[in-house]
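Asks: what follows is a predicted structure for the sequence shown.
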Amino acid sequence: MTLQLSTLQKERDEWVARNFPGDKVEDSVMGAVEELGELAHHWLKMKQQIRGTEQEHIDGMLDAVADCVIFLAGVASHLGADYGELVNDTWNTVMKRDWQADPQRGGQDAALQQWVMPPSGEQPMSSPGAHTTPLPGSVKRVGDPDY
């Protein structure tokens, strides 16, 4: 069975609320960074052929990738985004790039047109259908008055 990212996010938020009350965005960011460090550690040690077998390092790298996905779901929660929609929207943009046909820009001009820049230097807003569906749960979001 394949777990949907939006479901993972909801279950992760509920689990974190029970196990780590007061969790903040920086906790999720630093957790993801730690897991990237573990991924790099296993890659380096596998390349050097030390501190474990190739399979042990592959298993460690796969565990780090999965843990990073989970921590990044937390970042999305704190920023008020639906993780599944976020990844889906981003992938739909990335997959339109063609670096073979346009080695300088990857055909990004068309993809960049989906973003609207408001006047007076306000934050840009994405096009309709962006990944900002509110999520139920007790996770505090960046921008909440009591965050």
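Replies: Looks like it arrived, so ask away. Numbering: from 1, shown residues only.
Asks: where's residue 27 relative to residue 50, distance?
Replies: 32 Å (C-beta to C-beta, to the nearest Å). For glycine as for every other residue, the C-beta is placed from the backbone atoms N, C-alpha and C.
Asks: so which of those two has more stuff around it?
Replies: residue 27 (16 against 9; other C-beta atoms under 10 Å).
Asks: what's in contact with whichever strand or helix holds that one?
Replies: Under the criterion of DSSP states H and E, residue 27 resides in helix 25-48. With contact meaning C-beta atoms under 8 Å, 6 or more residues apart in numbering, helix 25-48 is reached by 20, 51-52, 54, 57-58, 60-61, 63-65, 67-68, 71-75, 77-79, 142.
Asks: and with 10 Å instead?
Replies: With contacts defined as C-beta atoms under 10 Å, 6 or more residues apart in numbering, helix 25-48 is touched by 12, 16, 20, 23-24, 50-79, 139-142, 147.
Asks: so which of these belong to strands?
Replies: With DSSP state E as the criterion, strands contain none of the contacts of helix 25-48.
Asks: what subset of those residues is buried?
Replies: Neighbour-count burial (16 or more other C-beta atoms under 10 Å) is assigned, among the contacts of helix 25-48, to 12, 16, 23, 57, 60-61, 64, 67-79, 139-140.
Asks: ok, back up a step: what about the helix holding residue 27, average pLDDT?
Replies: Averaging pLDDT along helix 25-48 yields 98.
Asks: that helix: which residues count as buried?
Replies: 25, 27-28, 31-32, 35, 38-39, 42, 45-46.
Asks: got these as TSV, with distance to residue 105 columns?
Replies: Formatted as TSV, the buried residues of helix 25-48 follow (distance: C-beta to C-beta, whole Å):
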residue	distance to residue 105
25	32
27	36
28	32
31	34
32	28
35	31
38	34
39	29
42	34
45	37
46	35
